[in-house]
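> model the structure of this input:
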Amino acid sequence: MTTDADAFGELLEYVEEELSFATSHYNDGYLDRRLSSRMRRTQTTTYEEYLELLRADPGEQEALLESMSINVTGFFRNPDVWEGIQDVLRTLSKTNDSVHVWSAACADGREPYSLSMLAHADPRIDEATVHILATDISETALETAHRGVYEESRTVDIGDQLEFLPNYERFVDRSGGTFRVVDEIKRNVTFERHDLIKDDSKSGFDLVVCRNLFIYIDSEYKQSMLETIAKSLRPGGYLVIGKAETIPPDLKSSFRARDGRLRIYQREVTESHSATTN
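Residues are numbered from 1 along each chain as shown. Sure thing, here's the model as predicted:
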């Protein structure tokens, strides 16, 4: 007799092995919510029934993968955190000839565009020196990000989100409920696909912003993902994670909290790094 747990496990195994989405890295609650949503949309009532549909329908495979990519986002989400990010960018702009920022798991691009707008709006940040790499696992999200066009809805007030910046109108062309990011802002941002779970680390970043991803990830995998980010940061570089997220205990020696409430951390400079740079 097949139990719900068995059927759930068989479905996840199919998604991981045949669709190459690493379900084993995410917590079961998150995966069940996304699967249940697709089951409601496809009017399937059991995991077995949905698995049969998934095997037979490439369009549903694509729809499921898209729904599993994490894309909750907004311009200047949590304004108090953005005040902290603004302070970090001011410090980096003052001390570096160029500032390299990685917006990891950038979803549809609103976070990296917020970073670029912030650099352009603040006279204490030299926007010409700020280079933003924005990555995500979802090709669909990256296509939206490239376009830089966003629509208001009944539940999302984009104008209200952008009011974090005075005179934000110079950074978007608005037509009714449609907001189009201007080329001046887009020029600072480069997009590429990257999987934080499977792909290699990067290098040389002064600031990494990776917010509200780890709350969906199984705890045993958070550490390896944060290690990838730590390797991507130069010594003394900054990391911003979500307000509900924490640094695993085994990695706390790699970072020191610059603002614990806002979850802004700085990579420790070890003696070997100091010796190398002196």
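> for the most centrally placed residue in the chain, give me its contacts.
Centroid-nearest residue in the chain: Ala105, 2.5 Å away (criterion: C-alpha atoms, centre = their mean). Counting by C-beta atoms under 8 Å, 6 or more residues apart in numbering, Ala105 makes contact with 70, 135-137, 196, 210, 213. Using the backbone N, CA and C atoms, a C-beta is placed for each residue, glycine as well.
> now swap in Thr129 and tell me
With C-beta under 8 Å, 6+ apart, Thr129 has these contacts: 93, 96-99.
> filter these to the buried ones?
93, 99 (16 or more other C-beta atoms under 10 Å).
> take the contacts of Thr129 and keep only those in helices.
If you go by DSSP state H, those have Ser93 in helices.
> looking at the contacts of Thr129, which are in strands?
Residues of the contacts of Thr129 located in strands (DSSP state E): Val99.
> rewinding a little: gap between the residue nearest to the centre of the chain and Glu143?
Distance from Ala105 to Glu143, counting by C-beta to C-beta, to the nearest Å: 16 Å.
> burial check on Arg234, number of neighbours?
For Arg234, the number of neighbouring residues by other C-beta atoms under 10 Å comes to 17.
> and the helices in the stretch 151-278 of the chain?
Taking DSSP state H, counting those that start in this stretch as the test, the helices found in the stretch 151-278 of the chain are 158-162, 183-186, 219-232, 271-277.
> which of these sits closest to Tyr26?
helix 219-232 (8.2 Å; C-beta to C-beta).
> my guess is Ile215 contacts Lys243. True?
No. Judged on C-beta atoms under 8 Å, Ile215 makes no contact with Lys243 at a distance of 10.1 Å.
> surely Glu48 touches Gly9?
No. With contacts counted by C-beta under 8 Å, Glu48 stays clear of Gly9, the gap being 11.7 Å.
> just the closest of the contacts of Ala105 to Glu17, please.
Distance to Glu17, by C-beta to C-beta, is smallest for Ile137 among the contacts of Ala105, at 17.4 Å.
> do you know how far the closest one is from Ala104?
Ile137 sits at a distance of 10 Å from Ala104 (criterion: C-beta to C-beta).
> tell me, what's touching these two both at once?
194, 196.
> can I assume Arg77 sits in a strand?
No. For Arg77, which was evaluated using DSSP: H, G, I helix; E, B strand; the rest coil, the result is coil, with no strand membership.
> and it, what does it touch?
Counting by C-beta under 8 Å, 6+ apart, Arg77 makes contact with 110-111, 161, 211-212.
> ditto for Phe179
By C-beta under 8 Å, 6+ apart, the contact list for Phe179 reads 149-152, 158-159, 162, 172-173.
> need these in a markdown table (columns: pLDDT and distance to Glu52).
A markdown table is the format used below for the contacts of Phe179 (pLDDT from 0 to 100; distance: C-beta to C-beta, whole Å):
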| residue | pLDDT | distance to Glu52 |
| --- | --- | --- |
| Val149 | 96 | 37 |
| Tyr150 | 94 | 37 |
| Glu151 | 90 | 35 |
| Glu152 | 83 | 39 |
| Ile158 | 90 | 40 |
| Gly159 | 89 | 45 |
| Leu162 | 94 | 45 |
| Val172 | 97 | 45 |
| Asp173 | 96 | 47 |
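> ok, the residues you listed vs Asn78, which is closest?
Lowest distance from Asn78 to the contacts of Phe179 (C-beta to C-beta) belongs to Leu162, with 14.4 Å.
> burial of the closest one, as a residue count?
Using other C-beta under 10 Å, Leu162 has 22 neighbouring residues.
> looks like it contacts Trp82 (just checking).
No. The criterion here is C-beta under 8 Å, and Leu162 misses it with Trp82 at 11.4 Å.
> now for the two: what residues contact both?
Both Leu162 and Trp82 are in contact with Phe76, where contact means C-beta under 8 Å, 6+ apart.
> so what's the nearest residue to the residue nearest to the centre of the chain once chain neighbours are set aside up against?
Counting by C-beta to C-beta, 6 or more residues apart in numbering, Ala105 lies nearest to Leu213, which is 4.6 Å off, once chain neighbours are set aside. Taking C-beta under 8 Å, 6+ apart, we find Leu213 in contact with 70, 104-105, 196, 225, 242.
> hang on, the earlier thing: okay if I get the contacts of Thr129 as a markdown table plus pLDDT?
Below are the contacts of Thr129 laid out as a markdown table (pLDDT from 0 to 100):
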| residue | pLDDT |
| --- | --- |
| Ser93 | 96 |
| Asn96 | 95 |
| Asp97 | 95 |
| Ser98 | 97 |
| Val99 | 98 |
